[in-house]
Structures are given as structure tokens and as C-alpha cells.
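In: no sequence on this one, just coordinates:
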């Protein structure tokens, strides 16, 4: 009967930040190890607590079934000695041999393998393959050896004095030398291992760690006999260890919320509700004094990374709610939050006035979705005005108001008064330090530190940070003040202590010295553009993009580009930031920014502007593609259709004249809107759009009578302008070739001759085409302009117009043969079909969309 | 409630009982007990070693003119160094806390990951900072590397922050209120009585008065002397010059004279001195 295999590796404290991922990894590793050992198993479970990693596997059969293999031996007629050797080696009798294809075979029964016998090897594989972000070695005492064992053999080392062992004091006086060897690596020293198979502890040596498995677990000096995994969990719980990581985390969240609840109810019934979770009622009373306005809503800042870390720091969580002294509430909210989180692993608490709809700056998820919704239906100007509204709520004054003067700390023991006082004291000391930094920083105006930037190297080939600032000022002359100040907080005390506060402190210091709010906000915004944070103002977005454009232009200019997994300067992230800000915040003139950036560098570097520019465009496009697929969950083929379309436009623009000067980065936001519109249309609408496309493009590509198959012949017959068909030849080599039938996007429309129509269905199709052309006239005539600002709705309408032609065209296809024998009639019909495809071609390259999906 | 000095005496007694060699503080400026050759150089090689000592530690940049309840430019570490690390070192450590009067049943003691690295000394290790009720009171490190050389036998270094522990044990919120000699009334001497003037004056010196030209010159001199001594085969005097250079680098930092770029350069200069000393120590 299948049984459960369980083991616990008990070590000194496993770093808290590593525990969550260790649970996942351990489950994967044990599963792989068992599979490699041909052990079938059911559910795998792994968990971590501070001093243990546990793995439990259900459904392992005690023994694998016996099976028979046929082993090939010598050839028939081989010398007797060879056959005898084969028989002996496989322990079979001559009568058991079979003959097949001129060879002798022995039929060998492989006996069942007992899982219990495999356990030491399985365990060893697990510990070898289980990797940690950092691991260490420790020393294990080996059996004292005789001195002579340590003596080098003369051949291998002629100079004994160079050996470390000879430096031991007076080896000759003591025949026994202490001897140590390194352990195999683990995250921290392993102190005991307990392995249970069914209900039986399995005992074996683990030489890599210099220990043997134990017959019981030990916790805090107590030995506990264990009969099953369930028993193990229960026993540890009784001893104050919640071994399940997720359960500990749920406990913490619940306890945090409960204690906040108590705080909010404090005016009435503190003592009744809070005793269980909180240390003493007195503490809450003290804490509660700060809340006069009970209408304020308090929420714990349950930062997930912090939550995971705290979960890894305790065996059993207890909550301590404390107050922050009033004098420190003058510190910027971000400083309070960061100091509590980074140094103390305390949770901060946010206060939101009731009925307030203001955005929490920390909670960027909602910002993201807000932008996405806007982008579909509004032009950039209205998005910016949305930003402007939110600026007021993120300025420093009101942010401070959103932090309540409390903290929540998680302890590993039920709190008492001494402990609570300790937690408050240590925070006080931290905040006192922060206050010192803050006040020191405020003593001198920011500009007084400008010279310090000159001595900080941005990159050895790209000059100092001071030079970068000068370049930024040229890149963004309309926000010169913000550009001049934006890097100065890097030399402040506070950012020296908490580098994650860069930008944020700059904004505070700018405000403090009387800079206008838009300058301060632009400084705060200019690092945003990744994670959950985006610039909140147009100026901030501009500075954020300028900073990244300067970085990318410089590194690409000197030939430093990401390769494979190596991207030490986070250039991909910088490019992604540009893409995100362009799409989610505000449209930028990236063309001229990159040109100015390259000009800036050209002043002191020898760079190939034209080549670099083209590389930068390709790099931005690459990121855009990834962004659309991964971040916006757009389908691969839809993204391809839009990217291919965009690159084609690009090739045509740059092909028009001098390649570099006129190269334009297409409107990347427009590409996003196109892709979104197409995907949404395909998901929500009847299949008309794709079916019409498939039929029309199919007819144009195939169904050509054999005699017209020659390409030249076809073009000549169809009267295609040969210049226009060369458009695709202008594609840069790295740009994907379109699969679409030749649809010259920029050629003058070929004319359709209604006189050549042979039946009313043809005329009806023509009329549908004309009607569609009229409905979408503005779009079809201007649809190629890079500066277009079409909305999702515009694109949807155009697709609906095009799709509406399907009925008429289907009836025509039923009534006539397009590729008929009459050359003039055939050409006329094909012109009509190409006109249809050209309409598709103003939207995207539909040949890349997988039609079968619809 | 133990006095500051009683705590030191108790820790010394505890580790003496364990078999540590109790040595006296190193008699020159170091940033931490780790820099004491009794730890740093002894971490190398295969010979076992056990020691415990108080080390006055100078951190010029941490001076706060005596105004911060928790930061000083000179404070006291109690250092225990055992090579190889015994398997029960954590239990021993916890017992040493009890030995100085900390009631483990009412305090929240936790081992919080803090991998340690001293770039100037080319030293690194894995371990924790030990928290007592949220306050870091001890640095606990398994050395893996010293002077760029892998430790053949892995030692454990336990560094107690004496002021912080004393604040706990005495229940004071400000370091300067620590009762140093354990007496009451007129007979009582506090940390303030012992250290305040020193903190104020040295903060002024470190941040405002130290002559930059002299500091720069001293750094160069110690650097040159260290290299010269190494070439003559004396390790310990060379190592002292390295420590001196490191201290003057710290003073230059406090004076705000080292930019981020230069900083890396200075650190690498000190590290190469330390590395040279460690290599010479292993070779001799």
C-alpha cells in the first residue's frame, strides 16, 4: 500500500526572504529527483519555517514491481569462454539463454526495488539539487587521524612546509591532530535531519553534513517522536511553530487587520476586543489617542515582499501595535514607510479620509488600469488632465496626512510591556537618525551640491552625472529647472541611507526650497515608469523619458547593448519605461529626443549617429512588442500584424529620401491602440472581417490560371505599378517580411471600370466598396500619417465598415469567377479585390493574423 | 540590573569558562572587533582558535555630537571568535545572554539574515543580525573569506553591541543614560559621564576640523609604509599600517572628501593592503 515519505531538514535560521521561493523549489526538486529514480508518487508538498525545510510526498509504493529484461550476450558461435563469462556475469544457466538475430540473450528478472532502500540516495540527490540564492559551508570535525596520514607523499609534494597542516603547533608532540573538512553547501548550517517513511523514522548517515538522521525531531531542546506528517504538523503547532508558510502568512494578515479594527473601535470597547491579539489594553489606549476623527479609514500597508519576509521571520506570529512619536510625523511619509519597512520590518498604516477617492501613490495597480481604460477612448490631452487632478493628492503635504502615526510589528512571542517598549524605542532611534539626515540635507540649497555630481561617474565612457544633467537640460529645455535639480538628491544624506528614496527626496527638498510644485513633481516622477509606478504629470513623464533616452543613446552610441541575459545597465528596462510612459501616460516626440540625445553625445564622442539611431529604433520596437504581448496580454499574431505594419511604414518613410534624417519612430502609442482595437474586434464581433480578408487574399494569391503564374506576367496583366511593388524591398534587413499579397500602400489607386462588370452581384460589390470607402474616407486617406491620433473607436468603426462588405463580396464570389479567362475582366476584378486589401492594409498586416482562431 | 561594566565582566567570565582566551582591546583605532588581528588574521589557516575581548570601535561618520540616543563615533563591541564554529554556537550565545541577565522568556530574540561583507578587508561571511525586541544587539557571522582568501576552517564571530544590550537590560531609552558602574546617587557614573564630551569633540573633529591635507598625507604615508613592511616580511606591523590607512580613509569620508567614485578607489587600495597582509600571514 502506498505510503507517505516525509523529511525535515532542521538548520540554523533560513533567511526570511528566501523561504517562500524555497517552498516552491523544494517541491519541484523532490518531484524531479523521485521521477529520475523511477519512483511514482502523488501529491508533493514543501514548506519552510525559520529553522526548518519540510518536504512531504504522498502515494509512494513501498516497492516497485519486478520486471524482466533481455540482455544481449555474445554472438551465436562465440568461443565458449565468452559465453561462460556472460553466464557468470549475469548469474544465469546455459539453458536459460535465448537466441535472437544471431545473438545469445539472457532473460534476467530485475527484482523489485524497495523504496526504503532508495531513501538515502533520494535524500542525497535532493540536497545536492536544492539550490539557494546564497549558501555556505561550515566545518565538520573528522575522525582524528594519525600524523602520518597527513604527511604528504614525497612524490606529490616535495615541500612539506608549504602545507597548511604543518603550521599546526608542535605536531610532533601530539600524534592526533584536530582535523576539519568543509560541509556540502546549504543555506545555513544543518543541525539535524529527520526522515519518516510511513510511520517509521529512517536512520542513515549524511556524511556531507557530518550527521546521521535522527529518530525524533527536536524543538527548543525537546525531543518529539513523530508518527506521521499530520502528527508532525500538530506536534509543532503545540510547541508554537506553524510550519505551513501560507498559514503563518494568513495569520499575520488577519492579526494585522484585527488589531487595526481594535484601534478604530478604540473609543468604545478597547479592552474587550483586543486582549487576545494585542499585548495590553493599555497600549491600544495609548495608540488610540491619536485618532480623533473616527471617520478616517485605516489600512495596513501590506507590502507583499515585506509580508513574505516577516512570515519567514517567525515560527508563530504575534502582533504589536505601536505609536510613532509626533515629532517624527514631520518626516516625509516615504521616509517613515521606508525606514519602518527596510530597517525594522514594521508595517506602516495608511489613513484615508472617508469619501475620499484620491489615489494612493503606492498603489500603482489601479493607476495602470485607469490609464488603460482611458487610452481606449480618449486623446492624450484628456489623459494628462486626469494626471493633473491626481497631482494634488500626491504632493508631499497631503501624503503625510495619509500616514497614520502607528506601526504594526510582528513578534515571535506574545507581546508584553517590556517588549512593546523595545519595539518603540528602536523605531524612535531609527527615525531620530532619519530626522538628522533630513535636517542636514535641508541646511543647504540643492544647487550648492551641484559640483558633487561632477565627481560621480555615470559611466566611464559617458562622463559624470553632472554631465548627464547638462545633457538632460538640452533634451528637455522646457522643463529646465526640474532637469537641473533631478539628480541632486543622489548626494543627499537621506538617499545615501535609503537609495530607494531617490527622486522622492529630491522632490521634497525642491519643495522645501520653494521650487514650484510642478518642478518637485517632475523630479519625483522621473525614475518612475516600471513596476507599479508611473509619472503623474506630463512634465514628469517628459523628464522620465529624457533620462532614459539619454541613457540609451549613450550606451548604444559607445556600443554597449544588452546581449542575451546580460543587461548590466538595465537598458531593456529603460526602453520598456519609454514604451510604457508613451503608451500609458503621454505621447512624446521620441524622434527628435533621440536626435538631440545623439547630438549631445556627438559633442564629445565619436559616434555613428545614423547607425545608432536605427539600432535604437529597433530596440524600442523589440520592447514594444514584448510589452504588448506580456503586459497588455495582446495575442502574438495581433501584435505581429501591427508591428509588421508599423515597420513597413517606417521603411517607406525612411526609404523616401535620406535614410537617417527622415527616419521616424512611429507613434508607438498608436500601434498599441491599433492592436487593442483589432484584438477586441476579433473577440467580440462576427467573423466577417477575417473571412472576407481570407477569401480576398486567397483569391489574389492562388486560383490563378496556370499560364499566368509567372510573377512578371501577373503584374503586367494586373497593371500593378512596378515602383509601388518595390516598397517591400525598402524593408530593413531585420524587419520581418510581410506575407501579404502585394498591396502597394502608397501607390495611386488603380481604377475600376464598372463597364466591365458582367453581373449585378459585381456591381453590388463595387457599390459596397465605394460606400465603405466613403464612410471611412478620412481614415483611408490619412491613415498612414504617423502623427495620427485615432482612438480605439475610430479603428473599430473602420473595421466594421470593411466587414460590412462581406455579404456583397460573397455574393459576387458565388456569382462570378474572379480569375476568369477574359484578361480585362479578370484584371478589373483583381483591382477591386486589391482595393479591399488596401483598406485592410491601412490598419495592420492582416496576413499575420491567424484566421483559424476565428 | 547589571551595570555596563558588570555586563562586560559577565561576558568575559562566560566565554572564559568556555575556554576562550580573554585578550585586551587592540590599542589603536579600528572600526570593529573584526579588524583586530586576533580575529582577522587568526581566521586564516587551519589552527583552532578561541578568543573573546572588548573592542572600542571608531566610526567617525556615525558621530552625532552626542545628540542621538543610539549613535556614537566611538562605541564598544564585545567580540567572541571561535574557530571552528561549534555546532551549538547559537545555544551558547543564547546562554551568554542569560548570563548577563537577559530574561529570554520575555524578550523576542530573532536571527535576521544579514550577510556580512567588509570590502576594505576583503572579508565576507553569512549569518544574521540578532534582534532583541526589534533592536539589533549582535552581529553573528560564519566567516567564509578573509583578505580574499577562503577560510579553510570556518569560524563563527559573535559581536555584541554592548550599549544596546545595556539599554535593554537597564531599561533606558538613551545610550547616555546607561549606568556604567552600577552605583546609585552621587556614586553613579553614566555613559554620559564617560563619553559625552568625547562624542561632542570628536564629532566636531571628524566632521568639521580634521585637516584634510594632513589626513590625505597620513593615508599616503600609511599606505606606503604597509607596502614597504610587507616587502620586508613583517606581517603584524604591516597590518597595523593597513588599519591606520583604513581609519584615515574613514576620517576623510566623514569630512565629506570622498566622492562615490573615489570611494571605490580608496576601498580597493585598502583592500589590496589587507590582502597582502593576509597572504603574507598565510605564507609565514
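Out: Done, it's in. Just so we're clear, the structure is a prediction, and the values are computed from it rather than from any experiment. Residues are numbered from 1 along each chain as shown, chains lettered A, B, ... in the order given.
In: Report the contact partners of the residue of the stretch 1-150 of chain B found nearest chain A.
Out: Closest contact between the stretch 1-150 of chain B and chain A, by CB to the nearest CB, is at residue B:133 (2.9 Å). Placement of C-beta: from N, CA and C, glycine included. Residues in contact with residue B:133 (CB atoms under 8 Å, 6 or more residues apart in numbering or on different chains) are A:411, A:418, A:419, A:421, A:422, A:423, A:426, B:107, B:108, B:168.
In: rerun at 10 Å
Out: A:320, A:409, A:411, A:413, A:415-416, A:418-426, B:106-110, B:168 (CB atoms under 10 Å, 6 or more residues apart in numbering or on different chains).
In: Once you drop chain neighbours, what's closest to it?
Out: residue A:422 (2.9 Å; CB to CB, 6 or more residues apart in numbering or on different chains).
In: so that neighbour touches residue B:132, yeah?
Out: Yes: using CB atoms under 10 Å, residue A:422 is in contact with residue B:132, at 7.0 Å.
In: mind checking the SS state of the residue of chain A found nearest chain B?
Out: For chain A and chain B, the shortest gap (CB to the nearest CB) falls at residue A:422, measuring 2.9 Å. What DSSP: H, G, I helix; E, B strand; the rest coil gives for residue A:422 is helix.
In: Grab the nearest non-local neighbour of residue B:16.
Out: residue B:22 (5.3 Å).
In: how about the residues of the stretch 401-550 of chain A near chain B?
Out: With the criterion set to CB under 10 Å from any CB of the partner chain, the stretch 401-550 of chain A comes near chain B through A:409-430, A:432-433, A:435-436, A:452-457, A:460, A:464-465, A:490-491, A:496.
In: Restricted to strands, list these.
Out: Among those, the residues falling in strands (DSSP state E) are A:409, A:410, A:411, A:457, A:464.
In: and the gap between the residue of chain A closest to chain B and residue A:86?
Out: Noted for residue A:422: a distance of 77 Å to residue A:86, by CB to CB, to the nearest Å.
In: Likewise for residue B:49?
Out: 60 Å.
In: what does residue A:777 give?
Out: For residue A:777, the distance to residue A:86 (CB to CB) stands at 88 Å.
In: go on, residue A:519?
Out: Going from residue A:519 to residue A:86 by CB to CB gives 89 Å.
In: And the two? Which one has more around it.
Out: More crowded of residue A:519 and residue A:86, by other CB atoms under 10 Å in any protein chain shown: residue A:519, with 25 against 20.
In: these two touch, right, the more buried one and residue A:484?
Out: Yes: using CB under 10 Å, residue A:519 makes contact with residue A:484 at a distance of 9.3 Å.
In: Residue ranges in chain A under the pLDDT threshold?
Out: Low-confidence segments of chain A (pLDDT under 70): A:143-178, A:266-295, A:354-401, A:653-666, A:702-749, A:782-788, A:852-854.
In: try the stretch 151-284 of chain B
Out: In the stretch 151-284 of chain B (pLDDT under 70), the answer is B:259-261.
In: in chain B, which spans are strands?
Out: Under DSSP E, chain B gives strands at B:21-22, B:49-58, B:74-83, B:109-113, B:116-118, B:123-132, B:135-146, B:149-150, B:156-161.
In: possible to save those strands as a markdown table with mean neighbour count and distance to residue A:701?
Out: Output for the strands of chain B, formatted as a markdown table (neighbours: other CB atoms under 10 Å in any protein chain shown; distance: least, CB to CB, whole Å):
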| stretch | mean neighbour count | distance to residue A:701 |
| --- | --- | --- |
| strand B:21-22 | 13 | 90 |
| strand B:49-58 | 21 | 81 |
| strand B:74-83 | 23 | 79 |
| strand B:109-113 | 20 | 63 |
| strand B:116-118 | 18 | 65 |
| strand B:123-132 | 24 | 65 |
| strand B:135-146 | 23 | 66 |
| strand B:149-150 | 15 | 67 |
| strand B:156-161 | 25 | 75 |
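In: Those: lowest mean pLDDT?
Out: Within the strands of chain B, confidence is poorest for strand B:116-118, with a mean of 89 (mean pLDDT).
In: Model confidence at the most centrally placed residue in chain B, what's the number?
Out: In chain B, the C-alpha nearest the mean C-alpha coordinate belongs to residue B:32, at 1.9 Å (CA atoms, centre = their mean). pLDDT for residue B:32: 94.
In: That one and residue B:76 touch, don't they?
Out: No: using CB under 10 Å, residue B:32 makes no contact with residue B:76, being 11.0 Å away.
In: Could you name every residue contacting both of the two?
Out: Shared contacts of residue B:32 and residue B:76 (CB under 10 Å, 6+ apart): B:55, B:57.
In: secondary structure class for residue A:69?
Out: strand.
In: Helix, strand, or coil at the closest residue to it other than its chain neighbours?
Out: Distances taken as CB to CB, 6+ apart place residue A:108 nearest to residue A:69, at 5.5 Å, with adjacent residues excluded. The three-state assignment at residue A:108 reads strand, by three-state DSSP.
In: Tell me how many other residues surround residue A:108.
Out: Other residues lying near residue A:108 total 15 when counted by other CB under 10 Å.
In: related to what we said a few turns ago, out of the contacts of residue B:133, which are buried?
Out: Buried members of those, counted by 16 or more other CB atoms under 10 Å in any protein chain shown: A:320, A:409, A:411, A:413, A:415-416, A:419-426, B:107-110, B:168.
In: before we move on, back to that, the residue nearest to residue B:16 bridge partners, please.
Out: Taking DSSP bridges as the rule, residue B:22 bridges to residue B:52.
In: Doesn't residue A:587 belong to a strand?
Out: No: if the criterion is three-state DSSP, then residue A:587 is coil and not within a strand.
In: is it true that it touches residue A:668?
Out: Yes: taking CB under 10 Å as the definition, residue A:587 is a contact partner of residue A:668 at 8.7 Å.
In: Would you quantify the distance from the residue nearest to the centre of chain B to residue B:246?
Out: From residue B:32 to residue B:246 the distance is 11 Å (CB to CB).
In: Which residues are in contact with each of the two?
Out: B:118, B:121.
In: How about the contacts made by the closest residue in space to residue B:121 that isn't next to it in sequence?
Out: Excluding the flanking residues, the one nearest residue B:121 by CB to CB, 6+ apart is residue B:274, at 4.7 Å. The neighbours of residue B:274, taking CB under 10 Å, 6+ apart as the test, are B:35, B:40, B:118-123, B:146-148, B:226, B:238-239, B:242-243, B:245-246.
In: Distance of residue B:274 relative to residue A:137?
Out: Plainly put, residue B:274 is 22 Å away from residue A:137 if you go by CB to CB.
In: same thing with residue A:549?
Out: With distances taken as CB to CB, residue A:549 is found 47 Å from residue A:137.
In: Which of the two has more residues huddled nearby?
Out: Remark: of residue A:549 and residue A:137, residue A:549 carries more neighbours, 28 against 18, as counted by other CB under 10 Å.
In: got the phi/psi numbers for residue A:56?
Out: Reported as degrees, to the nearest 10, the phi and psi values for residue A:56 are phi -140, psi 130.
In: what sits opposite it in the beta ladder?
Out: With DSSP bridges as the rule, residue A:56 is bridged to residue A:6, residue A:45.
In: So what's the residue count around it?
Out: For residue A:56, the tally of surrounding residues (other CB under 10 Å) stands at 22.
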